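In: starting from these lines, generate the structure:
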Amino acid sequence: MRCSGFGWSAWVVLAAVACSADSVDTGGRMSGIGAEPAPAPGQDGTAGTPGRTPGAIIGADNPTSLAGEPMMLPPMESSCGSTDITVSRVLPSVMLLVDGSQSMLDPYGDPVLDMPDGGVADPAMQGAAPAQSQRWTAVRDALVDPDDGVVAKLEGLVRFGLAVYGTTPQCPLPLGTLEPVLHNYQAIEASLPQQPPGLTTPTGIALDRIVDLLPDPKQALDETIGPQIIILATDGDPNSCELPLQNYEPSIQAAMKAQAKNLRMYVISVGQDAAEAHLQEMANLGASMDRFANPGAEVYYPEDPAGLAATLETLIGDELSCELTLDGKGVKQGSECRGLVTLNGEELECNGPDGWSLTDSKTITLQGASCEIFKNASDAMLRANFPCDLLVE
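Out: As a prediction, the model looks like this:
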């Protein structure tokens with residue numbers, strides 16, 4: 001289920017299930033969501049939710065009181081009593097592959113004179129543009145502006161990496177590569193110079209290097225690796241390190257390699273110079289479609305710097321969702337409302353418009369306001385507890 005907010009869609013969250021009858025170690029898998037034991041119904045002075053299993057205390061083999069003293073368990077309906085589902089975020093990795101060619105100093109957009117014949121390119125706007133309208137500056141601000149940049153906003157929820165491609169002082173990645181990690185804003189901001197490294201556009205060679213760097217999310221041993229995303233921002237046709245001649249094939253081959261490795265790629269054009277057919281093929285491959293699919297995947301053409309920032313925020317936000325996948329045993333559908341789900345200590349309504357629902361036996365989906373809170377805060381604390389008799393394989 002997809003939720004509102006920034007228009008964001010699915011990303012996978014794994015959960016570990018633990019109860020006294022079948023304990024699973026969940027240590028070391030938390031990232032951004034707390035896991036303190038929740039009070040049992042009535043322990044915080046409330047009576048708990050009617051219909052929920054009595055004495056559903058989390059923890060379970062050797063429970064303690066809030067003061068740390070051993071505590072006797074009340075009678076349970078089964079030997080297990082309850083299950084505590086500890087949710088850990090599996091975060092997307094987003095590799096920002098940014099064109100650093102000389103043409104990135106050109107104006108953003110396509111300025112024209114207001115003329116009766118429809119206008120022609122304004123000669124005064126050709127070549128280097130004022131800094132505030134350069135393509136490079138627009139990309140840089142959209143990424144690392146301290147207030148509105150997408151990396152600044154989402155660095156706690158997305159593993160960001162960066163590679164600027166060009167030819168000076170070395171080709172194809174003159175500034176090196178920052179691998180995707182959480183809280184990478186400062187490193188990325190420092191690695192994006194005020195001017196692009198310049199000269200030609202070795203897109204294919206650079207993309208091939210990045211594809212080699214990123215793991216295949218379907219083959220990785222670490223189940224929490226999450227989606228691997230490449231965002232390609234370019235303003236022109238690809239060429240090579242040596243000659244400024246158009247050469248599409250290395251880019252196509254690199255995109256096919258990314259597709260075979262289960263990497264997703266979005267294509268953003270920040271200029272008017274790249275061949276539309278080539279960008280369409282790249283976008284199709286990035287969306288796991290046939291190279292020549294028609295209609296194909298969307299190629300993004302933001303009209304101005306503000307549109308570029310909004311596009312980046314939407315695309316990256318689309319990798320986040322409010323669907324939480326339970327690892328191990330699932331929950332019996334039809335009886336899930338006997339369980340307790342809280343967000344930041346507040347109980348959420350089962351099947352409520354701003355609460356949670358059981359999409360299938362292994363998927364909890366947050367809805368409405370709770371969805372927005374969860375996906376927009378890296379420190380959101382989600383907790384769930386179910387009677388053990390609701391467990392299903």
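In: and residue 138, what are its phi and psi?
Out: phi -60, psi -40 (degrees, to the nearest 10).
In: give me the nearest residue to it, chain neighbours excluded.
Out: Excluding the flanking residues, the one nearest residue 138 by Cβ to Cβ, 6 or more residues apart in numbering is residue 305, at 3.8 Å. (C-beta placed from N, C-alpha, C; glycine too.)
In: how about the helices of the stretch 201-350 of the chain, start to end?
Out: Assigned by DSSP state H, counting those that start in this stretch, the helices in the stretch 201-350 of the chain fall at 203-213, 249-260, 276-286, 305-317.
In: remind me which residues of this protein are low pLDDT?
Out: For the chain, residues meeting the criterion pLDDT under 70 lie at 1-83, 85-90, 110-132, 220-224, 327-328.
In: domain parsing for the chain?
Out: 32-88+340-392, 93-317 (automatic domain parsing).
In: who's residue 266 bridged to?
Out: The partner list for residue 266 in beta bridges (DSSP bridges) reads residue 231.
In: can you get me a residue count around it?
Out: Burial of residue 266 is recorded as 24 neighbouring residues (other Cβ atoms under 10 Å).
In: what do you get for the one 3 residues further on?
Out: For residue 269, the number of neighbouring residues by other Cβ under 10 Å comes to 21.
In: separation between it and residue 293?
Out: 18 Å (Cβ to Cβ, to the nearest Å).
In: one step back: tell me which of the helices of the stretch 201-350 of the chain lies nearest to residue 378.
Out: With Cβ to Cβ, the closest approach to residue 378 among the helices of the stretch 201-350 of the chain belongs to helix 305-317: 13.7 Å.
In: ok, which of the helices of the stretch 201-350 of the chain comes nearest residue 386?
Out: helix 305-317 (30.2 Å).
In: tell me which other helices or strands that closest one touches.
Out: helix 135-144, helix 150-154, strand 228-234, strand 264-269 (3 or more Cβ pairs under 8 Å, 6 or more residues apart in numbering; DSSP states H and E).
In: how about that helix: buried residues?
Out: 305, 307-313, 315-317 (16 or more other Cβ atoms under 10 Å).
In: show me the two of those that sit farthest apart.
Out: 305 and 317 (18.4 Å).
In: so what's residue 353 up against?
Out: 367-368 (Cβ atoms under 8 Å, 6 or more residues apart in numbering).
In: again, only using 10 Å
Out: By Cβ atoms under 10 Å, 6 or more residues apart in numbering, the contact set of residue 353 is 367-370.
In: what of residue 300?
Out: Residue 300 neighbours (Cβ under 10 Å, 6+ apart): 231, 233, 266-270, 279, 283, 307-308, 311-312, 314-315.
In: residue 197 too?
Out: 100-102, 104, 164-171, 173-175.
In: many thanks, I have nothing further to ask.
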